[in-house]
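Asks: Sequence first, predicted coordinates after that:
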Amino acid sequence: MKKIEIENMVKGLASIRKMRKNEKNLEEIEKYNKLIAEFNLILDNYTSSDEYINEEYMNRVEMGIIETDGTPIKCEKCNSIDYREVITDKIDYIVMEKEAICNKCEHFMGLWVTGNWCS
Ligand SMILES: [Zn+2]
């Protein structure tokens with residue numbers, strides 16, 4: 001699916017919601033509800049697809065938020081490059097899991113699990 005199609009769907013969804021709000025007829029409202037559910041399903045399927053996830057990832061690499069391997073560079077929320085790593089799981093003395101947290105705004109910037117950043 002193309003980005004423009006998604007944008008049109010989101011716009012369509014907003015106008016259907018508006019029409020539903022102004023509708024008094026219960027049968028018509030039910031029709032709107034069905035349409036909204038269908039739209040939501042399509043959008044959900046798309047946003048969980050590999051195509052969408054890869055596109056999002058590449059956007060963040062281009063914007064300098066993460067490196068190509070997923071290592072955090074700067075905070076998506078406040079643009080600060082000052083962040084700390086908080087160890088969230090350890091087995092004996094080996095770090096299994098850690099989080100990157102922005103020092104400026106406390107935004108969660110990514111999770112590192114056994115060698116890989118899932119940012
Ligand atoms: Zn921040």
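Replies: In hand now; what should we look at? Just so it is clear, the model here is predicted, and its values are computed rather than measured.

Asks: partners of the helix or strand containing residue 110, with directions?
Replies: Assigned by DSSP states H and E, residue 110 falls within strand 108-113. If you go by DSSP bridges, strand 108-113 pairs up with strand 94-102 (antiparallel), strand 116-118 (antiparallel).

Asks: hey, least reliable of the ones you listed by pLDDT?
Replies: Between the strands paired with strand 108-113, the one with the least mean pLDDT is strand 116-118; it has a mean of 88.

Asks: Off-centre distance for that strand?
Replies: The chain centroid and the centroid of strand 116-118 are separated by 16 Å, computed with Cα atoms, centre = their mean, to the nearest Å.

Asks: And stretch 42-52, by the same measure?
Replies: Here the centre of stretch 42-52 is set off from its chain's centre by 11 Å, with Cα atoms, centre = their mean.

Asks: contact partners of it?
Replies: For stretch 42-52, contacts defined as Cβ atoms under 8 Å, 6 or more residues apart in numbering pick out 1, 6, 9, 10, 13. No exception for glycine: its C-beta is placed from N, CA and C like everyone else's.

Asks: quick revisit: between the strands paired with strand 108-113, which one is closest to the ion.
Replies: Closest of the strands paired with strand 108-113 to the ion is strand 94-102, at 3.1 Å (criterion: Cβ to the ion).
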